[in-house]
Every structure is written in structure tokens, then in C-alpha cells.
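# Provide a 3D model corresponding to the input given below.
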Amino acid sequence: MKKSKFTETQIIKAIKENEAGRKVEDISRELGINVGTFYNWRKKYSGMEVNHLKRLKELESENSKLKRMYAEQALQLEMARDVISKKW
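Presented below is the predicted three-dimensional model:
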């Protein structure tokens, strides 16, 4: 997962500015991001507070680590099955 160069606080602040009436184009230009990136943030993080967003990112990171661990274990199990099934 690619790490964002923006902190959770910056993302939430930008979304709240938009909710307060500031134009998306102005916010995007100020932050140096694409308008589509802002809309993705808004879709994903709208209605969240900073602590919720931090927790979400922690859970996403933990989830990706667990997926990698599962894939490694599944590969080892498959290799063990191949070795056991061979006739010597």
C-alpha cells in the first residue's frame, strides 16, 4: 500500500473545508493534488474524525500484513503437500 504524503489531519481538514463551502478546485490546487484524489478522499473518509481515520489506516496496515502472512503459509503448505505426494 502506498503511503500518502498527507497526514490524517490534513486530509480531514481539506474535507471539512469543502463541507464548509470551499471549492474542490481551490483545495486541490493549494494541496497540489488532482481533483480526483480529493473526491476519492471524500468518498473514503467523509464523516470521519482524525482518530477514526488513524484507526482505519492502522487496521488496513494490519490487514495487509495478515494477508501476506496467510499467503506465505498457504505457499509453504502447498510445497509440503507436493513433497509428501511424490512417490520415491
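
# and the longest helix along the chain, what other elements does it pack with?
Taking DSSP state H as the criterion, the chain has its longest helix at helix 50-85. The contact analysis (3 or more CB pairs under 8 Å, 6 or more residues apart in numbering; DSSP states H and E) places helix 50-85 against helix 8-19. (Glycine included, C-beta is placed from N, CA and C.)

# residue contacts, F6?
L31, I33 (CB atoms under 8 Å, 6 or more residues apart in numbering).

# so, low pLDDT: which residues of the protein?
1-3, 87-88 (pLDDT under 70).

# and the closest residue in space to I12 that isn't next to it in sequence, how many neighbours does it have?
In space, and not counting its chain neighbours, I12 is closest to V50: 5.3 Å by CB to CB, 6 or more residues apart in numbering. Using other CB atoms under 10 Å, V50 is surrounded by 15 other residues.

# try R42
16.

# please, which helix or strand holds it?
helix 35-45 (DSSP states H and E).

# now do that helix: distance to the chain's middle.
The chain centroid and the centroid of helix 35-45 are separated by 12 Å under CA atoms, centre = their mean, to the nearest Å.

# try stretch 30-39
With CA atoms, centre = their mean, you get 16 Å for stretch 30-39.

# kindly export the helix holding R42 (C-alpha atoms) in CSV.
The C-alpha trace of helix 35-45 is given here as CSV (Å, rounded to 0.1, in the frame of the first residue of the first chain):
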residue,chain,number,x,y,z
VAL,A,35,-9.3,16.8,-8.2
GLY,A,36,-9.9,13.1,-8.5
THR,A,37,-7.7,12.4,-5.5
PHE,A,38,-9.8,14.8,-3.4
TYR,A,39,-13.0,13.1,-4.5
ASN,A,40,-11.5,9.7,-3.6
TRP,A,41,-10.6,11.1,-0.1
ARG,A,42,-14.1,12.5,0.3
LYS,A,43,-15.7,9.2,-0.7
LYS,A,44,-13.5,7.2,1.6
TYR,A,45,-13.1,9.5,4.6
